[in-house]
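Novice: Here is a sequence with its predicted model. Questions after.
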Amino acid sequence: MSVTGDYLGMELAIDAFDQENLAYFRHCAAGAFHLQRCTACHLLRYPPTTACPWCSRPDAVWAPVEGRGTVHSYAEVHHAIQPAFKDHLPYLILIVELDTQRGRPGAEDALRLAGNLATAGGELAPPELVAQVGIGSRVRMVFKDVAPGVAIPLWTLDETADQPASPWRCPEPSPASSPGPDNA
Ligand SMILES: [Zn+2]
């Protein structure tokens, strides 16, 4: 059965044939993050898909995975393309490198997930939280319900982790380089 849900007023839909994504988001709704583990080479994969990206074999089992990691990269959005995000500017889109399977199978490989920065309660992060997070920040996964039995994973600052003294953030443009009222 296909599923439709709502996130910030936007309709989300998962087709009935998309068994991998249905299972993925249902695990999130149960508050237990899972990824597919290949039964041939035993590596986890992301995003959910029908074949292993490492050995091309189709068979996999769903395995629990700890939702903790480090911000690998991010984008801070100031002009919403989706109207639904307009009331939440600025917001962060994070690429988070999971602790699990980091550096495997190759030294540069890792499971890297995209997701918004949120509060511990799963709401999009307010500006003061957005300003604290950058590359190197330690984050943990939280879930936002979008339909019965379906939730999406988001990220919030990991309160239990040692945080870098100053996570890398894109430098702000200097005041001289932006037009003000006097030189507009
Ligand atoms: Zn495999």
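Specialist: On my side now, so go ahead. Because the structure is a prediction, the values reported are computed rather than measured.

Novice: quick check, stretch 20-35 touching the ion?
Specialist: No. Judged by C-beta under 5 Å from the ion, stretch 20-35 makes no contact with the ion; its nearest approach is 12.5 Å. In this view, the C-beta of every residue, glycine as well, is placed from N, C-alpha and C.

Novice: make that stretch 44-62, sorry
Specialist: Yes. Among the residues of stretch 44-62, 52, 54-55 lie within reach of the ion under C-beta under 5 Å from the ion.

Novice: any chance of the residues you listed in TSV, plus neighbour count and secondary structure?
Specialist: Formatted as TSV, the residues of stretch 44-62 next to the ion follow (neighbours: other C-beta atoms under 10 Å; DSSP: H, G, I helix; E, B strand; the rest coil):
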residue	neighbour count	secondary structure
Cys52	21	coil
Trp54	17	coil
Cys55	12	coil
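
Novice: Dig out what the residue nearest in space to the middle of the chain forms beta bridges with.
Specialist: Note on the chain: the residue nearest the mean C-alpha position is Gly115, at 2.2 Å, using C-alpha atoms, centre = their mean. Using DSSP bridges, the bridge partners assigned to Gly115 are Leu94.

Novice: And the pLDDT at it?
Specialist: pLDDT recorded at Gly115 is 96.

Novice: Just give me the neighbour total for the residue nearest to Thr160 when sequence neighbours are not counted.
Specialist: Nearest residue to Thr160 in three dimensions, chain neighbours excluded: Arg140, at 7.9 Å (C-beta to C-beta, 6 or more residues apart in numbering). Around Arg140 there are 17 other residues, counting by other C-beta atoms under 10 Å.
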